[in-house]
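> Predicted model and sequence follow; I will ask about them next.
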Amino acid sequence: MRVLVIGGGGREHALAATLVRDPEVESLHVAPGNPGISAVADLHDVDALDPAAVTALARRLDADLVVVGPEAPLVAGVADAVREAGIDCFGPSRTAAAIEGSKAFAKDVMTAAGIPTALARVCESAAEVAEALEVFGPPYVVKDDGLAAGKGVVVTDDRARAAAHAQACGRVVVEDYLDGPEVSLFAICDGSTVLAMQPAQDFKRLLDGDAGPNTGGMGAYTPVHGAPDGLIEEVTRRVLQPAVDELARRDAAFVGLLYAGLALTSRGVQVVEFNARFGDPETQALLGLLDSPLGQVLAAAAARGGLADVGPLRWKPGAAVTVVMSAAGYPESPRSGDAITGIEAAERLDGVHVFHAGTTTGPDGLVTSGGRVLAVTATGPDVAAARASAYRGVQRVSFAGAHYRTDIAAPQHPAEQVR
Ligand code: GLY
């Protein structure tokens, strides 16, 4: 099969590196990709937000399957256009992707389907926001209704700051605060069947000890310390399957990756958010352990209704840890153009892979070009071993201003408190 992946971050690098191992994948193309991905796939220029341009590229490549990585092309309707052209696409329609693209839509789906989540109000005026902040009390949780590239959520004890964020966003969801550790659970979906992956944990704050601003994610690991027995089955039954069923009922079949961001609260599992695509950087860790042929599984899902015959996903034993190295100034104003060295040395270490995200090739070699620059990932027999290898890899890589957390997947890491 000929596969085209849309995107160019660390997640797409991990997807490409895994797809290329599937014997059924005879050619692999990524658009726009990045310098790391060029080692495993042919790269193509495309405006990933332009449904017609992506469809034209898929036609030109005679692609059998298009896999859309990031959320913005999905919300822009790329998957709809590809499917209308008769090409199978792993990625939800614009309507189904609203489960990530609109927090209010997601809450409506959850309420209709009886999915456990924080109580919330959708607010469109300062008066509605003031009332909701009063009702829910601190810590205040204010979420931009639309996509905001990781900057949409504010959790604060400062009421004025919460109100100011709401005003800056326009339409917001104000909701109750959920305490408890956060777990990400992904499911590959074909519109009706859901195939859950194993849980992973993401570290969203910039600094050790879950301090500092929210980011796109500074690291991840799997399997998760202390995840309760039966979590996958419970979340499939109470969250993933009801969400997919409710979307199908609304004529918005979800074909793609449904990402449930969960809080393990004292009142049980609650949904913090849904995303409509693979998480970044959880995917880099998870795919290191996936034993099933990814291309064949995604193709079965994209063919609508094909997952019933696939059976549960197979996983390699052991653990995987990803440590993100970010650019100076991230997340507010990441600096570009710093020379990167040491990736080859890191990858000579046993089990270490360095996934590119914010990198580009300058006249003198590889340089930084984005906030999250690299995702250094290692597998090992257990979390401690994978963690040690990942940090050995990080030590080999260098660029001016590089930042990384030192407590990714640490034992007794304090449970990250989530919205
Ligand atoms: N790791 C968070 C996200 O992908 O949204």
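Perfect, thanks for sending it.
> all contacts plus neighbour counts: C-alpha atoms, from now on.
Will do.
> Residue 263: which element?
In this assignment (DSSP states H and E), residue 263 forms part of strand 255-265.
> partners of that strand in the sheet?
Here strand 255-265 has these sheet partners by DSSP bridges: strand 182-190 (antiparallel), strand 268-275 (antiparallel).
> ok now that strand, how far from the chain's centre?
10 Å (C-alpha atoms, centre = their mean, to the nearest Å).
> mind listing what's buried in it?
255-264 (16 or more other C-alpha atoms under 10 Å).
> what's the answer for stretch 161-179, then?
162-163, 165-167, 169, 171-179.
> Quick one: residues contacting residue 247.
The neighbourhood of residue 247, defined by C-alpha atoms under 8 Å, 6 or more residues apart in numbering, consists of 96, 109, 253-254.
> again, only this time at 6 Å
residue 253 (C-alpha atoms under 6 Å, 6 or more residues apart in numbering).
> does residue 353 have beta-bridge partners, and which?
Per DSSP bridges, the residues bridged to residue 353 are residue 377.
> That one is in contact with residue 347, isn't it?
Yes - with contact defined as C-alpha atoms under 6 Å, residue 353 counts as touching residue 347 (5.4 Å).
> The two: which is more packed in?
Each of residue 353 and residue 347 has its neighbours counted (other C-alpha atoms under 10 Å); residue 353 has more, 24 against 18.
> In three-state terms, how would the residue in the stretch 151-300 of the chain that the ligand sits nearest to be classified?
When you check the stretch 151-300 of the chain against the ligand by C-alpha to the nearest ligand atom, the closest residue turns out to be residue 279, at 3.3 Å. Here residue 279 is coil, with the state taken from DSSP: H, G, I helix; E, B strand; the rest coil.
> Roughly how far does it sit from residue 185?
Going from residue 279 to residue 185 by C-alpha to C-alpha, to the nearest Å gives 9 Å.
> if we can go back for a sec, show me which pair in the buried residues of stretch 161-179 is furthest apart.
167 and 179 (25.3 Å; C-alpha to C-alpha).
> What residues does the stretch 51-200 of the chain have near the ligand?
Within the stretch 51-200 of the chain, no position is near the ligand by C-alpha under 6 Å from any ligand atom.
> how about the helices in the stretch 51-200 of the chain?
Using DSSP state H, counting those that start in this stretch, the helices of the stretch 51-200 of the chain run over 51-60, 71-75, 78-84, 94-101, 103-113, 126-136, 159-169.
> pLDDT below threshold where in the stretch 51-200 of the chain?
Low-confidence segments of the stretch 51-200 of the chain (pLDDT under 70): 150.
> Count the neighbours of residue 77 for me.
For residue 77, using other C-alpha under 10 Å, the count is 20.
> That one touches residue 94, doesn't it?
Yes - using C-alpha under 6 Å, residue 77 is in contact with residue 94, at 4.7 Å.
> so where's the stretch 251-400 of the chain shaky on pLDDT?
Scanning the stretch 251-400 of the chain for pLDDT under 70 picks out nothing.
> Close to the ligand: what parts of it are there?
By the rule C-alpha under 6 Å from any ligand atom, the part of the stretch 251-400 of the chain lying against the ligand is 279-281.
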